[in-house]
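**Q** Sequence and predicted structure are below.
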Amino acid sequence: MKLSVIILAAGQGTRMRSSLPKVLHPLGGKALLSRVIATARQLDPDSIHVVYGHAGERVREALAGESVEWVEQREQLGTGHAVEQVMPLIDDQGITLVLYGDVPLICASTLAPVVEQARQQVLSVLTAVLDDPSGYGRIIRGANGRPVDIVEQKDAGEEQLRIREINTGFLAAPTALLRGWLSKLDNDNAQGEYYLTDIIAAAVAEGVPVESVTAPCSGEIQGVNDRVQLAQLERLFQHRQAEALMRSGVTLADPARFDVRGELVAGVDSFIDANALFEGSVTLGSGVRIGPNCVIRNATLGDDVEVLANSVIDSARLGKGCRIGPFARIRPETELDDGVHIGNFVEVKKSRIAAGSKVNHLSYIGDTHMGSGVNIGAGTITCNYDGANKHLTQIGNDVFVGSDTQLVAPVTVGDAATIGAGTTVTRDVPPGQLTLSRCAQKTVEGWTRPQKKRP
């Protein structure tokens, strides 16, 4: 039986007080709506339809890569009206599941039994039990224990207000039945809108069973209406990521100060200190140590890599046993082989550095191919940019470069060459030789330092 998913994402989101449509605000580095679409895909649906409205073209443009059917709701006339816009596109021989673009933490494992119940020709609703159900519609159950109605808080009596089971809005139903119930909705209410929740009473009136599934975690059904709620869900999302990592064998110094804005895979016995941030797709090997305040983005780190405090690694690959930082910056298209050391206040950009080489202090290495066993002295820079184009510096194996050296690209340094401190290299350096470029030191006798004139 086919499964069609409808995601409602047409709301204006005025309480966000933002020019960005609400469903495009990020949670864990990914748009709210993208997270809901990803969850829907885990259910293996035959189609996903997104109902858009406010700033809809901007939403479609931002998520152009998503393989979904976009359906416009030109007038904002309620959730029932929004679902009805999709019905002409859906075959009656199937099940329809309704999700919400601003409820990003709902899990596929929670939705799966809702869908399975609906396959039994019933209306299935997802409910939740809250310590504080204020503001939510309450689930009213009949003598047989099944839901028979939803009473909004403003319409509830004293006894009904004590009910802690609430309506989440998530539901699934046989498409043919849903189509009929939607056609009977009216907007005779204070908001003048067509409410999707009214189909429960319609189902009961027709004798169609209404079944329910209880969400295991209240955080799954929480929506985003303002930035406060967005921040609360962000912390809940990060707690999920932290817990999953710790259960997989990773130590977090402080799970409350840990953020993943993308996907992080980490090997066993790795350690992540406080305030580390991971963006994009990051893979850590086993035994990796990440110091405090580090940012790692779209990178792969091999086993036993150590990244010291306040370092940034962006779109790079690090081999086993590398040591980075503190205060180092590894920029895109950098590849470090096993055992490379990049020290404090060193920047490496678009370079390949072979095993065992060291750039330990206050240096810039850009557009460089460096061999193994190289030692780069403090303050060394590759002068790779002539104002218009970037040029390559090639350094062989076992090279020693003295401090405060400038390598003016394009230039090649041969194997086992030594470059004296303070040298400016403008021509190729032969292998196995000492290369210097210094003026002779002299002392000017009788010279005195200038003095300020006294009034």
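**A** Structure's in. What do you need? Here the structure is a predicted model, which is why all the values come from computation and not from measurement. Numbering: from 1, shown residues only.
**Q** worst-scoring helix or strand of this structure, pLDDT-wise?
**A** When each helix and strand of the chain is scored by mean pLDDT, DSSP states H and E, strand 147-151 comes last, with a mean of 88.
**Q** Send over the next helix or strand along the chain from it as PDB, restricted to the C-alpha atoms.
**A** Once strand 147-151 ends, the next helix or strand along the chain (criterion: DSSP states H and E) is helix 158-161. Once non-C-alpha atoms are left out, helix 158-161 reads as follows in PDB (Å, rounded to 0.1, in the frame of the first residue of the first chain):
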ATOM      1  CA  GLU A 158     -12.100  22.000  34.600                       C
ATOM      2  CA  GLU A 159     -12.000  18.200  34.400                       C
ATOM      3  CA  GLN A 160     -10.700  18.200  30.900                       C
ATOM      4  CA  LEU A 161      -7.900  20.700  31.800                       C
END
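**Q** Can you tell me which helices and strands helix 158-161 packs against?
**A** strand 138-141 (3 or more C-beta pairs under 8 Å, 6 or more residues apart in numbering; DSSP states H and E). C-betas here are computed from N, CA, C, even on glycine.
**Q** pLDDT on the strand it packs on, on average?
**A** Across strand 138-141, pLDDT averages out at 92.
**Q** could you say what helices and strands it packs with?
**A** If you count contacts as 3+ C-beta pairs under 8 Å, 6+ apart, strand 138-141 packs onto strand 147-151, helix 158-161, strand 165-174.
**Q** what angle separates the longest one from strand 147-151?
**A** What it means is strand 165-174. Angular relation of strand 165-174 and strand 147-151 on a 0 to 180 degree scale: 120 degrees, by axes from the mean of the first three to the mean of the last three C-alpha atoms, to 10 degrees.
**Q** got the CA positions of strand 165-174 in CSV?
**A** Output in CSV follows, covering the C-alpha atoms of strand 165-174 (Å, rounded to 0.1, in the frame of the first residue of the first chain):
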residue,chain,number,x,y,z
GLU,A,165,-2.5,13.6,27.1
ILE,A,166,-2.3,16.1,24.2
ASN,A,167,-2.7,16.1,20.5
THR,A,168,0.6,16.5,18.6
GLY,A,169,-1.0,17.1,15.2
PHE,A,170,0.7,14.1,13.6
LEU,A,171,-1.6,11.6,12.0
ALA,A,172,-2.0,9.0,9.3
ALA,A,173,-5.1,7.7,7.6
PRO,A,174,-6.2,5.8,4.5
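**Q** Tell me where the stretch 1-150 of the chain has strands.
**A** In the stretch 1-150 of the chain, the strands defined using DSSP state E, counting those that start in this stretch lie at 2-9, 26-27, 30-31, 47-52, 69-72, 94-100, 123-129, 138-141, 147-151.
**Q** residues of the first one that come out buried?
**A** In terms of neighbour count (16 or more other C-beta atoms under 10 Å), strand 2-9 has its buried residues at 3-9.
**Q** Return the closest of those with respect to N189.
**A** Closest to N189 out of the buried residues of strand 2-9 is L8 (18.1 Å), distances taken as C-beta to C-beta.
**Q** The closest one contacts A82, correct?
**A** Yes. Under the criterion of C-beta atoms under 8 Å, L8 makes contact with A82 at 5.1 Å.
**Q** can you list residues touching both of these two?
**A** Common neighbours of L8 and A82 (criterion: C-beta atoms under 8 Å, 6 or more residues apart in numbering): V51.
**Q** List the buried residues for the host helix or strand of L177?
**A** Element membership for L177 (DSSP H and E) is helix 175-183. Buried residues in helix 175-183, counting neighbours by 16+ other C-beta under 10 Å, are found at 175, 177-182.
**Q** next one: stretch 272-279
**A** Under the neighbour-count criterion of 16+ other C-beta under 10 Å, stretch 272-279 has 272-273, 275-279 buried.
**Q** what's the offset of that stretch from the middle of its chain?
**A** Distance of stretch 272-279 from the chain centroid (C-alpha atoms, centre = their mean, to the nearest Å) equals 13 Å.
**Q** and that stretch, how far apart are its ends?
**A** Start-to-end span of stretch 272-279 (C-alpha to C-alpha, to the nearest Å) is 14 Å.
**Q** pLDDT of it, averaged?
**A** Taken as a whole, stretch 272-279 carries a mean pLDDT of 98.
**Q** Give me the contacts around that stretch.
**A** With C-beta under 8 Å, 6+ apart as the test, stretch 272-279 has contacts from 29, 245, 250-254, 257-262, 264, 266, 289-298, 309.
**Q** Stretch 194-202 too?
**A** So stretch 194-202 is contacted by 77-84, 98, 123, 125, 137, 147-150, 167, 169, 171, 173, 178, 181-182, 184-187, 189, 210 (C-beta under 8 Å, 6+ apart).
**Q** Now do the end-to-end distance for it.
**A** 13 Å.
**Q** do the same with stretch 341-358
**A** With C-alpha to C-alpha as the measure, stretch 341-358 spans 5 Å from end to end.
**Q** Stretch 50-67 now?
**A** First-to-last distance for stretch 50-67 - C-alpha to C-alpha - comes to 10 Å.
**Q** Determine the longest helix present in this protein.
**A** helix 227-247 (DSSP state H).
**Q** Which neighbouring elements make contact with it?
**A** By 3+ C-beta pairs under 8 Å, 6+ apart, helix 227-247 packs against strand 26-27, strand 251-252, strand 258-266.
**Q** Just the pLDDT at the residue nearest to D44 when sequence neighbours are not counted, thanks.
**A** Of all residues not flanking D44 in the chain, L3 sits nearest, at 7.4 Å (C-beta to C-beta, 6 or more residues apart in numbering). Reported pLDDT at L3 in the predicted model: 97.
**Q** give the contact list for L3.
**A** 43-46, 94-97, 115.
**Q** For those residues, which two are the farthest from each other?
**A** By the measure C-beta to C-beta, D44 and T96 form the most distant pair in the contacts of L3, at 14.9 Å.
**Q** Please say which of the two ends up with more neighbours.
**A** T96 (29 against 8; other C-beta atoms under 10 Å).
**Q** hang on, that one packs against F170?
**A** No. With contacts counted by C-beta under 8 Å, T96 stays clear of F170, the gap being 11.9 Å.
**Q** buried residues in stretch 157-169?
**A** Buried-residue list, stretch 157-169, by 16+ other C-beta under 10 Å: 163, 165-169.
**Q** TSV for those residues, including distance to V228 and pLDDT?
**A** As requested, the buried residues of stretch 157-169 are exported to TSV (distance: C-beta to C-beta, whole Å; pLDDT from 0 to 100):
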residue	distance to V228	pLDDT
I163	26	95
E165	25	95
I166	20	94
N167	22	93
T168	20	94
G169	20	93
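**Q** Make CSV from these and add distance to Y194 to it.
**A** Output for the buried residues of stretch 157-169, formatted as CSV (distance: C-beta to C-beta, whole Å):
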residue, distance to Y194
I163, 25
E165, 24
I166, 21
N167, 16
T168, 19
G169, 14
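**Q** Out of those residues, the closest to P133 would be?
**A** I166 (4.8 Å).
**Q** who's in contact with that closest one?
**A** Per C-beta under 8 Å, 6+ apart, neighbours of I166: 127-130, 133, 136-139.
**Q** In PyMOL, select just the buried ones from the residues you listed.
**A** In PyMOL, this line selects whichever of those come out buried by 16+ other C-beta under 10 Å:
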select buried, resi 127+128+130+133+136+137+138+139
